[in-house]
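Q: this one's sequence-less:
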């Protein structure tokens, strides 16, 4: 039994060694291969970075203080911004931190270089004292959320 295992191992080794030393047997000459696709600089230079065409907010002001507000009044402020990125800016949603803060935002895409407005209305009904509210925007930017802040001091009349 040992003898047949040794003989089998010798034969297997011989086959393995002879397979490694075989010559290349291609019918195609080495200089016949066209490498134009491999060396094409047009395909190699295109950027595949997804951040290259991303839109970006550039707000004039990200926080607004209404100062003193009489209880029951509704006050508004327009946050203006510019799309300073290279792609269309699409705002998917804008939500206030409570029901007293209502944002309105552009529904259409804002092209690169163009401006837009986020109107925020604060209803002071039932509020008193210092108020600090936020509006969270979700858009196709990196990062995809952006927070605007409004504040004011609500007093009874």
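A: Looks like it came in fine. Because the structure is a prediction, the values reported are computed rather than measured.
Q: just checking, residue 94 touches residue 136?
A: Yes - checked against Cβ atoms under 8 Å, the pair residue 94 and residue 136 is within contact range at 7.2 Å. (C-beta placed from N, C-alpha, C; glycine too.)
Q: Who has more neighbours out of the two?
A: Of the pair residue 94 and residue 136, residue 94 is the one with more neighbours under other Cβ atoms under 10 Å, namely 20 against 14.
Q: Which strand residues bridge that one?
A: Beta-bridge pairing of residue 94 under DSSP bridges involves residue 137.
Q: now do residue 65
A: Going by DSSP bridges, residue 65 forms beta bridges with residue 151.
Q: Quick check, it in contact with residue 151.
A: Yes - the pair residue 65 and residue 151 qualifies as a contact (Cβ under 8 Å) at a distance of 5.2 Å.
Q: Out of the two, name the residue with the larger neighbour count.
A: When residue 65 and residue 151 are compared for neighbours, residue 151 comes out ahead with 16 against 12, by other Cβ under 10 Å.
Q: For that one, give its distance to residue 118.
A: Taking Cβ to Cβ, to the nearest Å as the measure, residue 151 falls 16 Å from residue 118.
Q: same check, this time on residue 73
A: Applying Cβ to Cβ to residue 73 and residue 118 gives a distance of 20 Å.
Q: Same check on residue 137?
A: Residue 137 is 7 Å from residue 118, by Cβ to Cβ.
Q: likewise residue 71?
A: Distance from residue 71 to residue 118, counting by Cβ to Cβ: 25 Å.
Q: Same question for residue 125.
A: On the measure of Cβ to Cβ, residue 125 and residue 118 end up 22 Å apart.
Q: What of residue 105?
A: 5 Å.
Q: Now stretch 55-73: average pLDDT?
A: Mean pLDDT, computed over stretch 55-73, is 97.
Q: wait, stretch 105-117
A: pLDDT averaged over stretch 105-117 gives 97.
Q: Span of that stretch from start to end?
A: 7 Å (Cα to Cα, to the nearest Å).
Q: Show me the contact partners of that stretch.
A: The contact list for stretch 105-117, computed with Cβ atoms under 8 Å, 6 or more residues apart in numbering, reads 55, 78-91, 93-94, 118-119, 137.
Q: With that, I have no additional questions.
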